[in-house]
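Student: output the structure for:
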Amino acid sequence: MVERTFEGSHLTTSDLEQLRARLPDLLAASGLRLSPAPVTLARSADLYFMADNATPEAMLDVIATTSDLVFAEYEDFDPLELLPSDDDGDPVEPASHPIVDRLLKAAAKREGELCRVTLRWAMSGLLCEWIATAAWVRELRDGLEKALEAAIAATEEDRGTQRELEKLEIQRLTDQMMEDPNFRATPPHKRGTLAKALVPEMSEADPWTQELALRSIRSRASDETMRRDNDIRSRLDEIAESLVQSDAWSQARTAAAQRQAALQHLTRVADGWRMSNQLAADLKDRAMDLYRQGTPTP
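Tutor: Next up, the predicted model:
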């Protein structure tokens, strides 16, 4: 069999298998011994040499000038080594994307193949390594990195689109609720309960979006009520006068009936918004003052 020229940047699994078979003879030719026992490393190497820049024969000649014992490690491919890691070093499942899925399937088919040969030796107190890696490992890793970047970008774009859709749905639900006559006419402290019952009937959005819509509705309703409360208080005399002139006030014979008339009058003035009982009481009291003073005939 004709042996291929060792091309460090284009290595195949077959090249690495041949290297493993030839290594004892290559070491012997350089006056080196192969350790029969594997080495357990307590630290990273100090010097690295890559097969891209040095053939095994050239590297062994260098090793022979400083050492006589070489440790060899043969690594079988594990697809998990291609995946990004978390803070604990555990692989993280990437976001699904057609290219990512295709590359991971291709990587899974190579599981267990010889993918890397590493030679280690000591030189003047330094730990040295020569590493030969199959080109397909680099191709898979580089391809997966690019695919993951594309997947992340696509995911972010999808998330951006989803966030915009959520905003639109929240705005739609809020606006629709603000215009609902029943919601407006509900006492302020009960509007949240009503909205919670109505929103699921008005939208098929996910629960979180509905919750955000409820928060928006409660906030808008509170702001609207406060705005109208301030406006009404700034015109309390004018509104009290119109209340005194109304049929509802003239027909009210009790304090309770007068408070109810004041509350209904406020609802009309506030475009259907039910105002607070306190504001109604203040309006009733002001109307009574005007009534006792004698309201001018319009």
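Student: and for residue 219, the neighbour number?
Tutor: Neighbour count for residue 219, taken as other Cβ atoms under 10 Å: 11. No exception for glycine: its C-beta is placed from N, CA and C like everyone else's.
Student: going forward can the numbers begin at 777, since that is how I track them
Tutor: Noted, 777 is the first residue going forward, which turns the last one into residue 995.
Student: what does the pLDDT read for it?
Tutor: Per-residue confidence at residue 995 stands at 95 (pLDDT).
Student: do residue 780 as well
Tutor: Reading off the model, residue 780 has pLDDT 45.
Student: where along this protein do the helices fall?
Tutor: Here the chain has its helices, by DSSP state H, at 789-805, 832-840, 874-885, 911-955, 957-961, 967-978, 983-1010, 1012-1020, 1023-1027, 1031-1045, 1053-1069.
Student: so for the first one, mean pLDDT?
Tutor: Averaging pLDDT along helix 789-805 yields 91.
Student: quick one: that helix to helix 832-840, angle?
Tutor: Helix 789-805 and helix 832-840 meet at an angle of 40 degrees, taking axes from the mean of the first three to the mean of the last three Cα atoms, to 10 degrees as the criterion.
Student: just give me how far helix 789-805 sits from the chain centre.
Tutor: The chain centre lies 48 Å from the centre of helix 789-805; the measure is Cα atoms, centre = their mean, to the nearest Å.
Student: and if you look at the second one?
Tutor: Relative to the mean C-alpha coordinate of its chain, helix 832-840 is positioned 50 Å out (Cα atoms, centre = their mean).
Student: one more: the longest one?
Tutor: The chain centre lies 9 Å from the centre of helix 911-955; the measure is Cα atoms, centre = their mean.
Student: what average pLDDT does it get?
Tutor: Per-region confidence: helix 911-955 scores 81 on mean pLDDT.
Student: just stretch 1003-1011 next, same as before
Tutor: 94.
Student: can you give me the buried ones in stretch 943-957?
Tutor: In terms of neighbour count (16 or more other Cβ atoms under 10 Å), stretch 943-957 has its buried residues at 945-946, 949-950, 952-953, 956.
Student: against residue 1069, how distant is residue 1024?
Tutor: Counting by Cβ to Cβ, to the nearest Å, the gap from residue 1024 to residue 1069 is 20 Å.
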